[in-house]
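In: Just a sequence and a predicted model for now, questions to come.
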Amino acid sequence: QSVLTQPPSVSAAPGQKVTISCSGSSSNIGSNFVSWYQQLPGTAPNLLIYENNKRPSGIPDRFSGSKSGTSATLGITGLQTGDEADYYCGAWDSSLSAGVFGGGTKLTVL
Amino acid sequence: QMQLVQSGAEVKKPGASVKVSCKASGDTFTIYYIHWVRQAPGQGLEWMGIMNPNGGSTSYAQKFQGRVTMTRDTSTSTVYMELSSLRSEDTAVYYCVRSHIVATTRFDYWGQGTLVTVSS
């Protein structure tokens, strides 16, 4: 099982907002930065958010990240059908000395 | 912009080993770190380990200790990941990814992935 916990699926209508949660512990999210990835079908994951809330160049500001304690949240506003994908959170785990990920959340835009 | 180009798909029998390559271009190879992340069919991402191409030091996830070896050839800017004693559960797409520091999951460049199928 994954070290970080995400809901298996979320859904929302086009134009709406959705949030995806990621829960961890003091040794990972609680003490290290969180990253978020979008994985479109059949492609490699793409970095959406790093250092909890920073966006790489080219990522629209519809995507946002936040962190509080041992949990993190990815927010997506103005949902588009092209946002349908799997989303993963990740963080370094200081106790394991390893990268850890959530199990992924499938976003459906109804 | 860095590019990471991986070797092609492999089919292996249980108990065999596989060696996947990851060739970097477009940026200085030795100033970044290369991690390996795998994804089994329909499953999530799993971190396997990290290599510092500048010196060759490595660190592996406990799950893969004793079965994985990461090496590099600085003359060709290539990193290799070898996994031994393969079993069916190792069937997955293996990605090499780049980071700027060690203790991070901020991976800004990904290889295209290499499908390794373990089947008798």
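Out: Okay, I see it.
In: show me where the chain has strands.
Out: No chain specified, so I'll use chain A. Secondary structure of chain A (DSSP state E): strands located at A:9-12, A:18-23, A:34-39, A:46-49, A:63-68, A:71-76, A:85-93, A:98-101, A:105-109.
In: let's do chain B instead
Out: Taking DSSP E, the strands of chain B run over residues B:3-6, B:10-12, B:18-25, B:33-39, B:45-51, B:58-60, B:68-73, B:78-83, B:92-99, B:109-110, B:114-118.
In: From chain B, how far off is the residue located most distally from the centre of chain A?
Out: When distances are taken from the C-alpha mean of chain A, A:Ser95 lies farthest, 21.6 Å away, according to C-alpha atoms, centre = their mean. In this structure, A:Ser95 and chain B are separated by 11 Å, where distance is defined by C-beta to the nearest C-beta, to the nearest Å. Using the backbone N, CA and C atoms, a C-beta is placed for each residue, glycine as well.
In: In space, what's closest to that residue - neighbours in sequence excluded?
Out: Once its chain neighbours are removed from consideration, A:Ser95 has its nearest residue in A:Ser27; the separation is 3.9 Å (C-beta to C-beta, 6 or more residues apart in numbering or on different chains).
In: Run through the residues that contact the one you found.
Out: A:93-96 (C-beta atoms under 8 Å, 6 or more residues apart in numbering or on different chains).
In: Which two of those residues have the greatest separation?
Out: Of all pairs drawn from those, the one with the longest distance (C-beta to C-beta) is A:Ser94 and A:Leu96, at 7.7 Å.
In: that older thread, among the contacts of A:Ser27, which one is most surrounded by other residues?
Out: Each of these was scored by neighbour count (other C-beta atoms under 10 Å in any protein chain shown); the top score is that of A:Asp93, with 22 neighbours.
In: distance of the nearest residue to that residue once chain neighbours are set aside from A:Asp86?
Out: If the residues on either side of it in the chain are set aside, A:Asp93 comes closest to A:Asn28, at 4.2 Å by C-beta to C-beta, 6+ apart. In this structure, A:Asn28 lies at 20 Å from A:Asp86, with C-beta to C-beta, to the nearest Å as the measure.
In: Around chain B, which positions in chain A sit nearby?
Out: When proximity is defined by C-beta under 8 Å from any C-beta of the partner chain, chain A lies next to chain B at A:2, A:32-33, A:35, A:37, A:44-47, A:50-51, A:56, A:88, A:90-92, A:94, A:96-104.
In: try it again with 6 Å
Out: A:2, A:35, A:44, A:47, A:50, A:88, A:90-92, A:98-99, A:101, A:103-104 (C-beta under 6 Å from any C-beta of the partner chain).
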